[in-house]
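Q: Here you go, sequence then predicted model.
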Amino acid sequence: MMQEPGSSIPVKCWACCRKSEAPIYHGMAVSIIKCWYCGALIEDIQLEGKTGGGGGDRINNYMSDITNNSDGNSSLPVLNQRTKHHQTLGYAMVAFVFFLVTIVAGGGICIALPDAVSFTPLSPALPFLQIIAGILYLFILSTYISIIASHPGPVRLVGLEARTAGEAIGQGALNDWRWCKLCRQGKPPTAHHCRRCAICVQDLDHHCLFTANSCIGAGNMKPFLRFLYLVLLGCIFAFTAAAVMGWRNRVLIVKHTLATWHRPLLFNSLLLHALTFVWRWVLTTPLQLAGWALSFTLSFSTGVGVALLLHRQIKLKYRKSTVLGELQRRRQELQAAMAGEGRTGLGAPGGEFGQDAVHNRDVCKDKSM
């Protein structure tokens, strides 16, 4: 699409406050351009020459926020705060994770493990094995606490340190930075805003419901991976003990299963009889077998889920990417395929914002001469 000759509107960069020129294509201003000096992205451009969020007022508010907060995390607007429902759900998920880990560990340590090693050459080592399992359980809980106690990834406002000190921002210091309307602060290309947590997170990977309904990013990715490794190890330990216990008690388990199935039908309905089979098996079984069934089922299902999640995270770490990054890459590939082009841009239709930045830089240089 050809640009109309001499058609452009002046806009002000939210970071360095230098004026730029946004080209107009067929009566419409481009939605985003790149500042010719600092490299920040200027978005939501309107034909009146203003950017979304208030232009100069937005810059003043932003600078007052980051001046009053040395770490760069400004006080968030009321609409950008976590709701009580969000926090309550986070507390509930923390309680659920503690309960699940305790059930799996308790069933393996107190029920499955003693039965599995009794009357075997490993019988004298039972206390030692239980101590090891208990230490592993404590490591899992401590790692989980470190995840929810850590910030998911504070945004590093490295390029704006000069501005907060009253100095000029260096040329190209904020390359591809964007303005977050909700947090009212700039963010680097590797940071993304989470609307559930109401914060911008550095290297945001995904929003996890099980970690207190919070995000996983650069700040807590290492303890998150460590937690997955430890949980998988604990599930393997508990599942092995439960499998050995089940094999040693296989005759009793088969007899109880057949006896439960051949009981009279409930309300003469075979479907209802089959649907309630598991509950009747658990309620009528001895306490030891009920503990075995619970430990076996939870350790297997939890282990499979954690193994799949850990496999995905290792692949992403090897590619130096994140879950959100992969989703964005696939979306861009889909958009490129639909447009029938090799790559889609952020600027005018059929072009990239880099081309608009070159035009913007040339126009500003011509005016300064």
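A: In hand now; what should we look at?
Q: in the stretch 251-369 of the chain, which spans are helices?
A: 270-275, 277-284, 287-318, 323-339, 353-368 (DSSP state H, counting those that start in this stretch).
Q: Turn the ones you listed into JSON lines, columns for distance to Leu129, mean neighbour count and mean pLDDT.
A: Placement of C-beta: from N, CA and C, glycine included. Below are the helices of the stretch 251-369 of the chain laid out as JSON lines (distance: least, C-beta to C-beta, whole Å; neighbours: other C-beta atoms under 10 Å; pLDDT from 0 to 100):
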{"stretch": "helix 270-275", "distance to Leu129": "39", "mean neighbour count": "12", "mean pLDDT": "78"}
{"stretch": "helix 277-284", "distance to Leu129": "27", "mean neighbour count": "13", "mean pLDDT": "83"}
{"stretch": "helix 287-318", "distance to Leu129": "15", "mean neighbour count": "16", "mean pLDDT": "91"}
{"stretch": "helix 323-339", "distance to Leu129": "37", "mean neighbour count": "13", "mean pLDDT": "83"}
{"stretch": "helix 353-368", "distance to Leu129": "61", "mean neighbour count": "16", "mean pLDDT": "44"}
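Q: closest to Val94 out of the ones you listed?
A: For Val94, the closest of these is helix 287-318, at 16.3 Å, according to C-beta to C-beta.
Q: Tell me what angle the closest one forms with helix 277-284.
A: 130 degrees (axes from the mean of the first three to the mean of the last three C-alpha atoms, to 10 degrees).
Q: what helix or strand does the nearest residue to Leu233 once chain neighbours are set aside sit in?
A: Leaving aside its chain neighbours, Leu233 sits nearest to Leu136 (6.7 Å; criterion: C-beta to C-beta, 6 or more residues apart in numbering). Using DSSP states H and E, Leu136 sits in helix 126-149.
Q: Let's verify the nearest residue to Gly134 once chain neighbours are set aside: helix, strand, or coil?
A: Spatial nearest neighbour of Gly134, excluding adjacent residues (C-beta to C-beta, 6+ apart): Ile109 at 6.4 Å. Under DSSP: H, G, I helix; E, B strand; the rest coil, Ile109 falls in the helix class.
Q: Which secondary structure element of this protein has the lowest mean pLDDT?
A: Every helix and strand of the chain was ranked by mean pLDDT, DSSP states H and E. The lowest is helix 56-68, at a mean of 42.
Q: ok, and for the helix holding Leu136, which residues are buried?
A: By neighbour count on 16 or more other C-beta atoms under 10 Å, the buried set for helix 126-149 is 129-130, 133, 136-137, 140-141, 143-144, 147-148.
Q: residues contacting the residue nearest to Leu233?
A: Contact partners of Leu136, counting by C-beta atoms under 8 Å, 6 or more residues apart in numbering, are 105, 230, 233-234, 237.
Q: now Ala241
A: Ala241 makes contact with 108, 112-113, 116, 295 under the criterion C-beta under 8 Å, 6+ apart.
Q: Among the residues you listed, give me the pair with the biggest separation.
A: Ala116 and Ser295 (10.8 Å).
Q: so where's the stretch 51-200 of the chain shaky on pLDDT?
A: Within the stretch 51-200 of the chain, the ranges that satisfy pLDDT under 70 run 51-83, 157-168.
Q: In a strand, His207, correct?
A: Yes. Per three-state DSSP, His207 lies within a strand segment.
Q: Which pLDDT value belongs to it?
A: Predicted confidence (pLDDT) for His207: 90.
Q: what pLDDT, on average, does stretch 213-224 get?
A: Mean per-residue pLDDT for stretch 213-224: 92.
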